[in-house]
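J.: Pasting the sequence and the predicted coordinates here, then a few questions.
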Number of protein chains: 2
Amino acid sequence: MDKKKFISFLADRNLKLTRERDEIFQAVLAKKKHFAPDDLFLEMKTGGSKISRASVYRTIPLLVESGMIEEVERVDKHAHYERVPENGHHDHMICTRCGRVIEFYSEGLEELQARICTQKNFKGTRHSLEILGVCEKCGS
Amino acid sequence: MDKKKFISFLADRNLKLTRERDEIFQAVLAKKKHFAPDDLFLEMKTGGSKISRASVYRTIPLLVESGMIEEVERVDKHAHYERVPENGHHDHMICTRCGRVIEFYSEGLEELQARICTQKNFKGTRHSLEILGVCEKCGS
DNA sequence: ATATAATTGAGACAGAGTCTCAATATCACT
DNA sequence: AGTGATATTGAGACTCTGTCTCAATTATAT
């Protein structure tokens, strides 16, 4: 996902590339891990930006729709996002003791899901799989 | 999940079987579909109970831990739960157009996940898989 | 340069869920 | 059954995430 793609996404929908959207795009680009919208907003503010909470919350769905980020686990009460990684989609294991998040990807799992969708005449576009349990370190 | 199991779950943890917990247990038992905690609370109130919101919110994690209910999809902003069905666990497909929830179960999917957990030395206890997309009816 | 339509920020608002603490209820043990 | 130690409750204030409104501002096509 590069900026050109985001700009053309906006253009396609008659949306404007404003300074605010650009700032948010950059801030998200700098994110290496999961983040919550409100944290992003606070970080930007702290970093000197004049952005408003509303703009952050308004822009996030655009980033999702343009394919730059996706919503991830909600162990917590509120939404979390992460950049769609270059190396593609993955799922998560979440340790209920220490909160560690382990990313994994299984081709077999993806294929099996696709097959199940076909069976049910369901056009799956994305999915989220979270396995809760206890990680190696905590599982003494 | 019957009441005896819940009672012994409580006993194991030095928790008391109060009238309130019992009321909530019964109310949840009567639920056939997904429900949100706040709705449950309001229904109980409307039904004449003197229960407090705090008690409902406090009891729900106990029902989850005792295996009576599990948290399900969060397309919405808040948590939803459903009774763990007699016929066992299942996953969900969620139509992003009409909101319909399709339940499905795949033995293969379960096994594959178990295998992945083993590989990662992760003790999976439960999982939630939601496939988002467009259902048969909406996918014209 | 201008017109039009999209966008912004501030802050009020809404809704879910949590917390506090004094009053009360449960249960194990007589 | 009575008692004491401990768990639990309800009310409502509070927090936090997220949404909405609307007048002022800004991006873009022309």
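T.: Okay, I see it. Residues are numbered from 1 along each chain as shown, chains lettered A, B, ... in the order given.

J.: contacts and neighbour counts: CA atoms only from here.
T.: Noted.

J.: average pLDDT across the helix or strand harbouring A:K5?
T.: Per DSSP states H and E: A:K5 is located in helix A:3-12. For helix A:3-12, mean pLDDT rounds to 93.

J.: Kindly report the same for stretch A:102-119.
T.: pLDDT averaged over stretch A:102-119 gives 93.

J.: Would you tell me whether that stretch gets close to chain B?
T.: Yes: counting by Cα under 8 Å from any Cα of the partner chain, chain B is contacted by stretch A:102-119 at A:108-109, A:112-113.

J.: ok, and what's touching that stretch?
T.: With Cα atoms under 8 Å, 6 or more residues apart in numbering or on different chains as the contact definition, stretch A:102-119 has outside contacts at A:89-94, A:123-124, B:108-109, B:112-113.

J.: That one: which residues count as buried?
T.: A:102, A:109, A:113-114, A:116-117 (16 or more other Cα atoms under 10 Å in any protein chain shown).

J.: Could you tell me which of the contacts of stretch A:102-119 are located in helices?
T.: B:108-109, B:112-113 (DSSP state H).

J.: returning to that earlier point: nearest to chain B among the buried residues of stretch A:102-119?
T.: A:L109 (6.8 Å; Cα to the nearest Cα).

J.: now A:I102, what's its secondary structure?
T.: State at A:I102, reduced to three classes by DSSP: H, G, I helix; E, B strand; the rest coil: strand.

J.: distance of A:K123 from chain B?
T.: For A:K123, the distance to chain B (Cα to the nearest Cα, to the nearest Å) stands at 5 Å.

J.: same thing with A:L42?
T.: 21 Å.

J.: try A:G139
T.: A:G139 sits 7 Å away from chain B, going by Cα to the nearest Cα.

J.: Name the nearest residue to that residue, ignoring sequence neighbours.
T.: Closest residue to A:G139 apart from its sequence neighbours, by Cα to Cα, 6 or more residues apart in numbering or on different chains: B:K123 at 7.5 Å.

J.: So A:C98 sits against A:C138, correct?
T.: Yes: counting by Cα atoms under 8 Å, A:C98 touches A:C138, with 7.2 Å between them.

J.: out of the buried residues of stretch A:102-119, who's nearest A:L40?
T.: A:I102 (22.0 Å; Cα to Cα).

J.: Tell me what that closest one is bridged to.
T.: A:M93 (DSSP bridges).

J.: try A:R126
T.: Beta-bridge partners recorded for A:R126 (DSSP bridges): B:L132.

J.: doesn't B:V134 make contact with it?
T.: No: if you go by Cα under 8 Å, A:R126 and B:V134 don't touch, sitting 10.4 Å apart.

J.: Neighbour count for the two, which is higher?
T.: B:V134 (22 against 11; other Cα atoms under 10 Å in any protein chain shown).

J.: near DNA strand D, which residues of chain A?
T.: By Cα under 7 Å from any atom of the strand, the residues of chain A that approach DNA strand D are A:16-19, A:36-39, A:53-54, A:57-58, A:77-79.
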